[in-house]
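Asks: requesting a structural model of the entry that follows:
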Amino acid sequence: MPPLQAFIKQTDAEGAPVSAAGNKEEAEYMLVCAEYELRNPNSIELLREYLDTYPDTPHANRICALIASAYFFEGKYDDALAMFNSSRLDLLSNEERDDMTYRLATCYLKTGNVKEAAIWFETLRSTGSRYTADCTYYLAYIRYSQQRYDDALNGLPQPAGQCQNTRRSYLITSRKYI
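Replies: Predicted coordinates for the structure are as follows:
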């Protein structure tokens, strides 16, 4: 049995739990987060059970974000949006906040809410550097889908060593075949 699970299940001679409640809660938190990170198919259920057991946990916000992210990876974008909107992404660490914001924006895009997607992609592009290229691409895609071709063209990066006409011909070709 792994050490954290053994710690949680410790009992004294009479069968009563030995570990202090706070330590047990933290150990269970680490276990459910590990199950999420390992992409356990039951991670959503485990994370929800943790929230049911410890509704006042200081980790509730992160657990909600992890549940949303698990739904995202399963392609359940409406469920993911509901959970993302019930958590405060600004309270997460910077890297995790950026990851979750990117997934939130992608959920909006996948569900057809391009206006909300554009707001979140723009927010992420202006606050972080990790997803700048991705956000720029998706913003250009959104503008293209709205038939704002000049704005979309300005959002595409200039290919190295290529002239402006290369991007324009790519966009014209895209219009013709898409």
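
Asks: where does pLDDT dip in this protein?
Replies: 1-22, 155-178 (pLDDT under 70).

Asks: the helices in this structure, which residues?
Replies: For the chain, helices defined by DSSP state H occupy the ranges 3-8, 21-37, 43-53, 60-74, 77-85, 94-110, 114-127, 132-145, 149-155, 164-177.

Asks: tabulate the CA atom coordinates of the fourth one in PDB.
Replies: Just to be clear, that refers to helix 60-74. Only the C-alpha atoms of helix 60-74 are listed here, as PDB (Å, rounded to 0.1, in the frame of the first residue of the first chain):
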ATOM      1  CA  ALA A  60     -12.100  23.800  -2.800                       C
ATOM      2  CA  ASN A  61     -11.300  26.300  -5.500                       C
ATOM      3  CA  ARG A  62      -8.500  24.300  -7.000                       C
ATOM      4  CA  ILE A  63     -10.500  21.100  -6.700                       C
ATOM      5  CA  CYS A  64     -13.300  22.700  -8.800                       C
ATOM      6  CA  ALA A  65     -10.800  23.800 -11.400                       C
ATOM      7  CA  LEU A  66      -9.300  20.300 -11.500                       C
ATOM      8  CA  ILE A  67     -12.800  18.900 -12.000                       C
ATOM      9  CA  ALA A  68     -13.400  21.400 -14.800                       C
ATOM     10  CA  SER A  69     -10.100  20.500 -16.400                       C
ATOM     11  CA  ALA A  70     -11.000  16.700 -16.200                       C
ATOM     12  CA  TYR A  71     -14.300  17.400 -18.000                       C
ATOM     13  CA  PHE A  72     -12.300  19.400 -20.600                       C
ATOM     14  CA  PHE A  73     -10.000  16.500 -21.300                       C
ATOM     15  CA  GLU A  74     -13.100  14.200 -21.700                       C
END
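
Asks: buried stuff in that helix?
Replies: 61, 62, 63, 64, 65, 66, 67, 68, 69, 70, 71, 72 (16 or more other CB atoms under 10 Å). (C-beta placed from N, C-alpha, C; glycine too.)

Asks: how near is the nearest residue to the fifth one once chain neighbours are set aside to residue 143?
Replies: Excluding its sequence neighbours, the residue lying closest to residue 65 (CB to CB, 6 or more residues apart in numbering) is residue 87, at 4.6 Å. Residue 87 sits at a distance of 29 Å from residue 143 (criterion: CB to CB, to the nearest Å).

Asks: what distance do you get for the nearest residue to residue 102 once chain neighbours are set aside to residue 37?
Replies: In space, and not counting its chain neighbours, residue 102 is closest to residue 131: 5.1 Å by CB to CB, 6+ apart. Relative to residue 37, residue 131 is positioned 20 Å away (CB to CB).
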